[in-house]
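Trainee: pasting the sequence and the predicted coordinates here, then a few questions.
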Amino acid sequence: MTAPELPADLRGALEAKLHGLPRDDITARAAQISRTYRDGGNSRAIATPSDALAYALVRMPATYAAVAACLSALVEARPDFAPKSLLDVGAGPGTASWGAAETFASLQSFMLLDINAALQTLALDLGREHPRLAAMTCRRDAGALDEVAPADLVVASYLIGEVRETERRSLAERLWAKARDTLLVVEPGTPAGYAAIIALRAHLIASGAFVAAPCPHDHACPLSAPDWCHFAQRLPRLRAHIQLKGAELPFEDEKFSYVVLTREPMPKRSARVLAPPVVGKVEVAAKLCTANGVELAKAPRRDKAAYAKARRWRWGDALSD
């Protein structure tokens, strides 16, 4: 499975970019960009190379961890999937492309689309020394998504929420049209992020897509408000990450919602752990999404084998029989 922490060569490239720059300025830009996003803004606040670097240092570790978790779920569901081409839509500094390169040694072609020039330039710089990402190509014109060639794997991470609700269905169709085999869409693990994922999921299933992860079925999501489907990935913080965020803990938890859609139906899908299991002295209890809907699974302590197995369950795990 893909590790949640940034690859060593990416960490090195970020640290090299940061070397010699005034930390106070980068910290101030990072804080301003974070406020803009919290207030519903978008990447237009990132206008200079310093802005792009500040954004990458603060957000790239968390978004990488979330994408890595989703790609690991894809590999678990489809261990024979070996894409040769990637289309990274809303690529930012290239986070999803790095995650896909780490996950799939088969990838040789990387096309990145993003309207932000500063982030696009940073993406190219960060990948310059990578044996495969050095050959990545970027486009930032508005019509690029409709013009580029389809790819085996299309990823849209933290993009749908930045698009107006009236435009999301069209964007979903355009993303799916470019996915020769598989589409991964990732959003923040908030009720709004989940709602965007579920709407896209339903629309594309109606258009002929099949779910590979996280759902063990193609039916409507069985959860009802105020509950929502999301997961969490713990990741270590870089030293610069800690300094820029003014954080105290050496780690953080990134919450995310996602869906992986494929062109062919899955022959078999596993139940998914929807929340942290409750481990007690009498039993382990876990909320699962199954082919039959949401179920509460219990493993009593008296069944030693089942109890020991259930103690290893983690939020987001796919459970084999």
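Mentor: Alright, I've got the coordinates.
Trainee: which positions in stretch 259-269 come out as buried?
Mentor: Residues of stretch 259-269 classed as buried: 259, 260, 261, 262, 266, 269 (neighbour count, 16 or more other Cβ atoms under 10 Å). Every C-beta, even on glycine, is put in place using the N, C-alpha and C of the backbone.
Trainee: likewise for stretch 87-105?
Mentor: 87-104.
Trainee: now do stretch 283-291
Mentor: 283, 284, 286, 287, 288, 289, 290.
Trainee: make TSV out of those residues and add secondary structure and pLDDT.
Mentor: TSV is the format used below for the buried residues of stretch 283-291 (DSSP: H, G, I helix; E, B strand; the rest coil; pLDDT from 0 to 100):
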residue	secondary structure	pLDDT
283	strand	97
284	strand	97
286	strand	97
287	strand	97
288	strand	97
289	strand	97
290	strand	96
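Trainee: in these, find the pair that's most separated.
Mentor: The span of the buried residues of stretch 283-291, defined through Cβ to Cβ, is set by 283 and 289 at 19.8 Å.
Trainee: ok, which stretches of the stretch 1-150 of the chain are helices?
Mentor: Assigned by DSSP state H, counting those that start in this stretch, the stretch 1-150 of the chain shows helices spanning 8-18, 23-38, 49-77, 95-103, 117-126, 144-147.
Trainee: now the weakest link among these, please, by mean pLDDT.
Mentor: The stretch with the lowest mean pLDDT among the helices of the stretch 1-150 of the chain is helix 23-38, at a mean of 69.
Trainee: tell me the contacts of residue 156?
Mentor: Applying Cβ atoms under 8 Å, 6 or more residues apart in numbering, we find residue 156 in contact with 89, 90, 175, 183, 184, 185, 186.
Trainee: just flag the most distant two among the residues you listed.
Mentor: 90 and 183 (13.1 Å).
Trainee: the host helix or strand of residue 308: which residues count as buried?
Mentor: Assigned by DSSP states H and E, residue 308 belongs to helix 304-310. Residues of helix 304-310 classed as buried by neighbour count (16+ other Cβ under 10 Å): 306, 307, 310.
Trainee: contacting residues around the second one?
Mentor: Read it as residue 307. 283, 284, 299, 300, 301.
Trainee: picking up where we left off before, as CSV, the buried residues of stretch 259-269 with pLDDT, secondary structure and distance to residue 314 would be great.
Mentor: CSV is the format used below for the buried residues of stretch 259-269 (pLDDT from 0 to 100; DSSP: H, G, I helix; E, B strand; the rest coil; distance: Cβ to Cβ, whole Å):
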residue, pLDDT, secondary structure, distance to residue 314
259, 98, strand, 20
260, 98, strand, 19
261, 98, strand, 24
262, 98, strand, 24
266, 93, coil, 22
269, 88, coil, 18
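Trainee: lowest confidence element among the helices and strands of this protein?
Mentor: helix 239-245 (a mean of 62; mean pLDDT, DSSP states H and E).
Trainee: quick one, which of the helices of the stretch 1-150 of the chain is packed in tightest?
Mentor: Mean neighbours per residue, mean count of other Cβ atoms under 10 Å, is largest over the helices of the stretch 1-150 of the chain for helix 95-103, with a mean of 26.
Trainee: so which elements touch it?
Mentor: Here helix 95-103 touches helix 49-77, strand 85-89, strand 109-113, strand 151-157, going by 3 or more Cβ pairs under 8 Å, 6 or more residues apart in numbering; DSSP states H and E.
Trainee: the first one: how far from the chain's middle?
Mentor: The gap between where helix 49-77 is centred and where its chain is centred comes out at 7 Å by Cα atoms, centre = their mean, to the nearest Å.
Trainee: got it, and stretch 130-146?
Mentor: Between the centre of stretch 130-146 and the centre of its chain there are 19 Å (Cα atoms, centre = their mean).
Trainee: ok, which stretches of the stretch 101-250 of the chain are strands?
Mentor: 109-113, 137-139, 151-157, 179-188, 210-213, 231-236 (DSSP state E, counting those that start in this stretch).
Trainee: send over the last one as CSV, restricted to the C-alpha atoms.
Mentor: Below are the C-alpha coordinates for strand 231-236, written out as CSV (Å, rounded to 0.1, in the frame of the first residue of the first chain):
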residue,chain,number,x,y,z
PHE,A,231,-12.5,8.5,6.3
ALA,A,232,-9.3,9.7,8.0
GLN,A,233,-5.6,9.3,7.3
ARG,A,234,-3.0,10.1,9.9
LEU,A,235,0.2,11.6,8.6
PRO,A,236,3.5,12.8,10.1
